[in-house]
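Enquirer: Got a predicted structure here, sequence first:
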Amino acid sequence: MVGADTIAIAERIARLSSRALRRIADTARTEAPEDANRVLLGVATFALAFVLCAHAVALIHAVVVLALIAVGVSAVEAFASLLAVDLLVVLVAVAIGRRLVWRPLLPRTRAQIQQLEETYELLVG
C-alpha cells in the first residue's frame, strides 16, 4: 500500500515538474522569435549574396573585361581575374549567411530541458 508520505512526495514532484515545464515553455516562447528572426536574416543574406553575384556577372564583367583588354591584359587573364574576385565575394557572403543560419536553435530552452532531465533522473532514478 502506498503511504501518505509517498503520495505527498509524488504530488510535490508533479508540481515542481509542472512549474519547470511552464518555465521552459515561457523561455521557448521568448527564444523562438529571436531564432526565427536570426534564421530569416541568414536566409536573406544568402539571397542577397545570390543577387549580388548575378548582378556582378550580368552588369560589371563586360565593362571590366573590356577595360583590362584595353590596358593590354589578355582576355583569358581578364576573365580569370574576374572569376577569382567573384568567388571571393561569394565565399564571404556564404560564410556570413552560414554563421547566422547554423547556430543551434533554442539554446536556453534546451539547457533548461537538460537541467529538468537531470533533476528528474536524480529524483526518480
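Expert: Here it is on my side, so go on. Numbers count the residues shown, from 1 in each chain.
Enquirer: When you work out contacts or count neighbours from here on, use the C-alpha atoms and nothing else.
Expert: Will do.
Enquirer: In this structure, which helix is the longest?
Expert: In the chain, taking DSSP state H as the definition, the longest helix is helix 4-55.
Enquirer: C-terminal to it, what's the next element?
Expert: Reading on from helix 4-55 to the C-terminus, the next helix or strand found by DSSP states H and E is helix 61-70.
Enquirer: Run the chain-centre distance for that next one.
Expert: Computed by CA atoms, centre = their mean, to the nearest Å, the chain-centroid distance of helix 61-70 equals 39 Å.
Enquirer: what is the rounded mean pLDDT of the longest helix of the chain?
Expert: Helix 4-55 carries an average pLDDT of 88.
Enquirer: Could you do stretch 59-79 as well?
Expert: 89.
Enquirer: just how off-centre is it within its chain?
Expert: 39 Å.
Enquirer: angle of the longest helix of the chain against helix 61-70?
Expert: Here the directions of helix 4-55 and helix 61-70 differ by 50 degrees (axes from the mean of the first three to the mean of the last three CA atoms, to 10 degrees).
Enquirer: so what does helix 4-55 touch, helix or strand wise?
Expert: helix 75-101, helix 107-124 (3 or more CA pairs under 8 Å, 6 or more residues apart in numbering; DSSP states H and E).
Enquirer: So for Ala10, which of those helices sits nearest?
Expert: Comparing the helices and strands packed on helix 4-55 by their distance to Ala10 (CA to CA), the top pick is helix 107-124, with 10.0 Å.
Enquirer: could you give the angle of the closest one to helix 4-55?
Expert: Going by the same axes, to 10 degrees, helix 107-124 makes 160 degrees with helix 4-55.
Enquirer: list the buried ones in helix 107-124?
Expert: Thr109, Gln112, Ile113, Leu116 (16 or more other CA atoms under 10 Å).
Enquirer: Fine, thanks again, bye for now.
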